[in-house]
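In: predicted coordinates and the sequence they were generated for:
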Amino acid sequence: MSRNYWFTDRYGVQSADSPELSAFGPLLDAVADVGPDEDFATVSIEDEHGWAVTFGAGWADFENVTEDAEQFATVAVERDDALGVAEDFVRGDIDDLRSRWPLADADDTEPAAAEASDDIGVFLAALGEGIYSEAGFAVQRLAGPTFTQDTMPEGDLFITFPEGGVSVNYEGDEPQAVAVFVFIQPTERVDAYPAPDQLISGLRLSTAGRADVAEHFGEPARSGGAFDVFAVDDRFLHFEYSSEGQLKMVTAMLSGPGF
């Protein structure tokens with residue numbers, strides 16, 4: 001058997017013969033020592049804009065890894081962009097890889113932005129959609145590119161854009177967004193949303209109080225001491241306030257609490 005190299009981007013799987021691959025030769029050192037008892041190893045990197053590309057090495061024939069590897073195609077990388085440090089590293093068999101990364105289909109078109117007249121429309125449209133869906137990419141373009149990824153013990157996945165003031169909660173074996181948290185006030189880990197007055201048309205959230213929000217949306221579907229929940233079509237918006245009545249966070253939710 002001979003070792004084979006490949007990489008994936010949104011154009012699909014490319015073999016070692018591809019001219020693009022030769023430009024990233026030094027990065028292959030990270031996976032070149034994959035052992036004969038392992039199917040393959042991969043390293044995922046991102047360019048200066050946050051677009052990711054995945055490189056791999058393995059013992060299997062290229063034709064045999066194509067179908068599986070293609071499922072892990074990420075997004076486009078401009079060929080001339082400077083590339084950053086390694087973001088993730090996986091080695092082992094195909095089941096190990098599946099357990100670490102959500103599946104994504106390669107596509108030859110750039111995802112279009114979600115249609116919305118305000119930012120909250122982008123976040124509402126992402127609910128019920130996957131990380132690599134058209135709506136998921138729209139969130140990344142709006143809040144990214146810098147992000148962190150955390151998996152909770154119960155399996156929930158959180159992708160947080162610390163500079164963009166947004167965190168997305170994904171659930172399920174094929175993760176789908178169930179909530180998008182928009183931080184109006186900063187925390188130790190996440191900055192405030194940089195354009196609060198563009199979040200909801202007709203509301204200046206940088207200065208709006210609880211009464212202003214209620215006047216805009218009408219009767220809440222549910223209220224508590226420090227929150228109001230409003231139904232928006234088949235989705236919900238949760239507004240959280242401090243003890244002083246200052247708006248802290250707006251959360252777009254797939255389902256409302258207690259419904």
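Out: Received it, and whenever you're ready, just let me know what you need. Residues are numbered from 1 along each chain as shown.

In: can you list the low-confidence ranges for this protein?
Out: For the chain, applying pLDDT under 70 flags the ranges 1-117, 257-259.

In: now do the helices in it.
Out: Using DSSP state H, the helices of the chain run over 19-22, 62-70, 94-100, 119-126, 134-143, 210-217.

In: contact partners of the last one?
Out: Pointing back at helix 210-217 there. Helix 210-217 is contacted by residues I200, G202, L203, P220, D228, F230, V232, L237, F239, Y241, G245, L247 when judged by CB atoms under 8 Å, 6 or more residues apart in numbering. In this view, the C-beta of every residue, glycine as well, is placed from N, C-alpha and C.

In: I'd like those laid out as TSV, including neighbour count.
Out: Formatted as TSV, the contacts of helix 210-217 follow (neighbours: other CB atoms under 10 Å):
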residue	neighbour count
I200	22
G202	10
L203	20
P220	19
D228	19
F230	20
V232	15
L237	23
F239	23
Y241	19
G245	10
L247	21
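
In: next step: the residues you listed restricted to strands.
Out: In strands, judged by DSSP state E, the following of those are found: D228, F230, V232, L237, F239, Y241, L247.

In: between these, which sits nearest Y170?
Out: Nearest to Y170 among these is L237, at 18.9 Å by CB to CB.

In: so that closest one makes contact with T251?
Out: Yes - contact status for L237 versus T251: in contact at 7.2 Å, counting by CB atoms under 8 Å.

In: which neighbours do those two have in common?
Out: The contact lists of L237 and T251 share no entry, where a contact means CB under 8 Å, 6+ apart.

In: break the protein into its domains for me.
Out: The record, using automatic domain parsing to delimit domains, assigns the chain the ranges 4-100, 119-253.

In: end-to-end on the last one?
Out: It stands for domain 119-253. Domain 119-253 stretches 15 Å from its first residue to its last (CA to CA, to the nearest Å).

In: got the contacts of helix 210-217 as TSV, with distance to A138 columns?
Out: Written out in TSV, the entries for the contacts of helix 210-217 read as follows (distance: CB to CB, whole Å):
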residue	distance to A138
I200	17
G202	21
L203	21
P220	27
D228	26
F230	22
V232	17
L237	18
F239	22
Y241	28
G245	32
L247	24
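
In: brilliant, that's me finished.
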